[in-house]
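Novice: Show me the folded form of this:
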Amino acid sequence: DRVGLLQDKTAALLVRRKRLATPPIRRPRWSARPALRYDGRRLRDVRSAMNLHEEKSRHWDEKYQAGLPGWDRGGPSPALLHWLDSGTLSPCRILIPGCGHGHEVVELARRGFAVCALDIAPTALSRLRMVLAREGLDAHLIQADVLYWQPDAPFDAIYEQTCLCALAPEEWPDYAAQLY
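Specialist: I've put the predicted structure just below:
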């Protein structure tokens, strides 16, 4: 594996290149634990986990329904544009966790990337779907919790910009494990 990390104050890009023909089999981290965990809390059963997932989804969806979130700059990250223009990042299969309105998704799709965009908020993904259709672009959009979603194949790159800061600090180790 070749891992390179490029970062500035506003964004980080993790690029992983694998030479494996098939992805390694991974078990979700929580499956080995005696009790389920969600948002740093111990849960007694799967129903509790599902209820918390729905609560989390509603929480983020309400932010998007209320209008343009304060963290949305209205366009792709300047750091990402620099990496694309300089050739540091070239077309590949890329994941964008916590994509929100997906300005980076649109830019990467426009430049020939195979983009997989992941977010827990259905409103954000619905709006992104409309923008992609209007632009005649394609990306794979998934509504799921980034802490539990498992890809069907490894990605060549992961563009992480805002998802980490949306998670509780006690969830950061689980999130980092998901990215690897």
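
Novice: From Q65, how far off is L108?
Specialist: 26 Å (CB to CB, to the nearest Å). Just so you know, the C-beta spots here come from the backbone N, C-alpha and C atoms, and that holds for glycine as well.

Novice: higher neighbour count, the two?
Specialist: Between L108 and Q65, L108 has the larger neighbour count (other CB atoms under 10 Å), namely 26 against 12.

Novice: tell me which element the more buried one falls in.
Specialist: helix 103-110 (DSSP states H and E).

Novice: Could you list the residues in contact with that helix?
Specialist: With CB atoms under 8 Å, 6 or more residues apart in numbering as the test, helix 103-110 has contacts from 72-77, 80-81, 84, 94, 96, 99, 115, 117, 128, 131-132, 135, 137-139, 159, 161.

Novice: Buried ones in it, by neighbour count?
Specialist: Buried residues in helix 103-110, counted by 16 or more other CB atoms under 10 Å: 103-109.

Novice: Likewise for stretch 169-177?
Specialist: 171, 174-175.

Novice: One more: stretch 83-90?
Specialist: 83-84, 89.

Novice: just stretch 157-173 next, same as before
Specialist: Result for stretch 157-173 [16+ other CB under 10 Å]: buried residues 157-164, 166-167, 171.

Novice: Let me have these in JSON lines, extended by pLDDT and secondary structure.
Specialist: Formatted as JSON lines, those follow (pLDDT from 0 to 100; DSSP: H, G, I helix; E, B strand; the rest coil):
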{"residue": "A157", "pLDDT": "93", "secondary structure": "strand"}
{"residue": "I158", "pLDDT": "93", "secondary structure": "strand"}
{"residue": "Y159", "pLDDT": "93", "secondary structure": "strand"}
{"residue": "E160", "pLDDT": "89", "secondary structure": "strand"}
{"residue": "Q161", "pLDDT": "85", "secondary structure": "coil"}
{"residue": "T162", "pLDDT": "82", "secondary structure": "coil"}
{"residue": "C163", "pLDDT": "85", "secondary structure": "helix"}
{"residue": "L164", "pLDDT": "85", "secondary structure": "helix"}
{"residue": "A166", "pLDDT": "83", "secondary structure": "helix"}
{"residue": "L167", "pLDDT": "85", "secondary structure": "coil"}
{"residue": "E171", "pLDDT": "86", "secondary structure": "helix"}
